[in-house]
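**Q** here you go, sequence then predicted model.
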Amino acid sequence: MDGNGRVGRLIITLYLVDKKILRRPILYLPDFFEQHRQLYYDKLMRVRTHNDLGQWFKFFLTGVIETAKQGVQIFNKTLQLQKDLDEKLSTLQARQQGNARKLLEYIYQHPIFNAAMVDEALTLSMATAYKLINTFEKLHIIKEFTGGKRRRLYVFEEYMKLFSPLDFD
């Protein structure tokens, strides 16, 4: 399973919680099972051959514990990132802070985006969207990763790295 799949599932889960479709995030155990694939199959086989459910439950609960610990770590790092970004945005002029905070909220939900998406979501002019994006680049909040002159894509890299060690260079 690749990092992009994990990030996508986690972002979707967090989005569904935010929109009150889910009450709270759920643990995503398949990543744990994938990382420990051989042990997973060994434990299942032992249930089948020796009727040993106890070992399977221990393995499963270990997965729950490890997945929960990772979730707590990510949550704490997300809170710290949010605090750091709030400090960066507080350095902006008062008239810029409103749109900047709206963009920050938007990129938490859409960590890979382009100027047209910002323009549409925040109902800004394209010129204002580009100015805001430029400000976020200067503050090292986002990074352009396509390298082109047109149809540039930006990534909220620090946030994405909380979920997967992706490299956008």
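**A** Right, received. Where do you want to start? Numbers count the residues shown, from 1 in each chain.
**Q** what about the residue lying closest to residue 112 once chain neighbours are set aside, distance to residue 139?
**A** Ranked by Cβ to Cβ, 6 or more residues apart in numbering and with sequence neighbours excluded, the top spatial neighbour of residue 112 is residue 155, at 5.2 Å. Backbone N, C-alpha and C define where each C-beta goes, glycine included. With the distance defined as Cβ to Cβ, to the nearest Å, residue 155 ends up 14 Å from residue 139.
**Q** follow-up on the earlier one: the residue nearest to residue 112: neighbour count?
**A** By other Cβ atoms under 10 Å, the residues close to residue 155 number 19.
**Q** hey, which helix is longest across the protein?
**A** helix 53-89 (DSSP state H).
**Q** how far off centre is that one?
**A** 12 Å (Cα atoms, centre = their mean, to the nearest Å).
**Q** for it, what does the pLDDT average out to?
**A** Averaged across helix 53-89, pLDDT comes to 90.
**Q** hmm, back to that, for the residue nearest to residue 112, what are phi and psi?
**A** Main-chain dihedrals, residue 155, degrees, to the nearest 10: phi -130, psi 140.
**Q** number the chain from 200, please
**A** Yep, numbering from 200; the last one is residue 354 now.
**Q** residues near residue 335, how many?
**A** Neighbour count for residue 335, taken as other Cβ under 10 Å: 22.
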